[in-house]
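1. What follows is a predicted structure for the sequence shown.
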Amino acid sequence: QVHVVESGGGSVQAGRSLRLSCTASNYIGHMAWFRQAPGKEREGLARFSPGADDIYYADSVKGRFTISGNAKNIVYLQMNSLKAEDTATYYCAAGYGGGRGDDPAQYKYWGQGTRVTVSS
C-alpha cells in the first residue's frame, strides 16, 4: 500500500521561502505537487520523474518554485519569492498515469496536504 506524507508547510511573509517535503512509501515513480486554495480547483504545480529527465512546471510557478527528489520516492518543492496568492494547501501526489501531469485525475495516491500561508 502506498502512503504519501507531506511536511514543511507554515506561515511566512511575502518574499520569503519555504521547502516542502514528501515521501511515498512502497513506491517508485513520478511524483508531483498540487495546491488548492479555498474556493478554487486543485492546481498542478510541478511533476518530477525518477530519472529527473522529465520535469513539468506550471507557468504560475515557473522560475520561483523548484521540484527535486531522490529519484525514488521522495520529492521536495523549494518555493522562493512567495506571494500572498501562493496561500493554499499543498498536496503531494504519486501513482502517475501519464499525460502532462497537471491533472489531479492522472494520480492515484495523495497525501493529506500541508498548509502554506503567505502574508503580505
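-> The structure has been received and is ready for your questions.

2. which secondary structure elements does the helix or strand harbouring residue 24 contact?
-> For residue 24, the enclosing helix or strand under DSSP states H and E is strand 18-25. Contacts defined by 3 or more C-beta pairs under 8 Å, 6 or more residues apart in numbering; DSSP states H and E place strand 18-25 against strand 3-7, strand 31-36, strand 74-79, strand 88-94, strand 114-119. Yep, even glycine has a C-beta here, placed from its N, CA and C like the rest.

3. Spatially central, which residue of this structure would that be?
-> residue 33 (1.9 Å; C-alpha atoms, centre = their mean).

4. beta partners of it?
-> Legend: beta-bridge partners of residue 33 under DSSP bridges are residue 46, residue 92.

5. and it, what does it touch?
-> Residues in contact with residue 33 (C-beta atoms under 8 Å, 6 or more residues apart in numbering) are 20, 22, 44-47, 65, 67, 75, 77, 90-93.

6. again, only using 6 Å
-> Contacts were defined as C-beta atoms under 6 Å, 6 or more residues apart in numbering; by that measure residue 33 touches 45, 46, 77.

7. now, among those, which is nearest to residue 8?
-> Nearest to residue 8 out of these is residue 77 (C-beta to C-beta; 8.1 Å).

8. How many residues are close by the closest residue to the closest one other than its chain neighbours?
-> Closest residue in space to residue 77, ignoring its immediate chain neighbours: residue 20 at 4.3 Å, by C-beta to C-beta, 6 or more residues apart in numbering. For residue 20, the number of neighbouring residues by other C-beta atoms under 10 Å comes to 23.

9. isn't residue 20 right next to residue 8, touching?
-> Yes. Using C-beta atoms under 6 Å as the test, residue 20 is close enough to residue 8 to be in contact (4.1 Å).

10. and the residue nearest to the centre of the chain, what pLDDT?
-> As predicted, residue 33 sits at a pLDDT of 97.

11. do you know how far it is from residue 19?
-> 12 Å (C-beta to C-beta, to the nearest Å).

12. Identify the residues contacting residue 30.
-> Each residue near residue 30 by C-beta under 6 Å, 6+ apart is listed here: 47, 49, 96.

13. Considering those, which possesses the most neighbours?
-> Most neighbours among the contacts of residue 30, by other C-beta under 10 Å: residue 47, with 25 neighbours.
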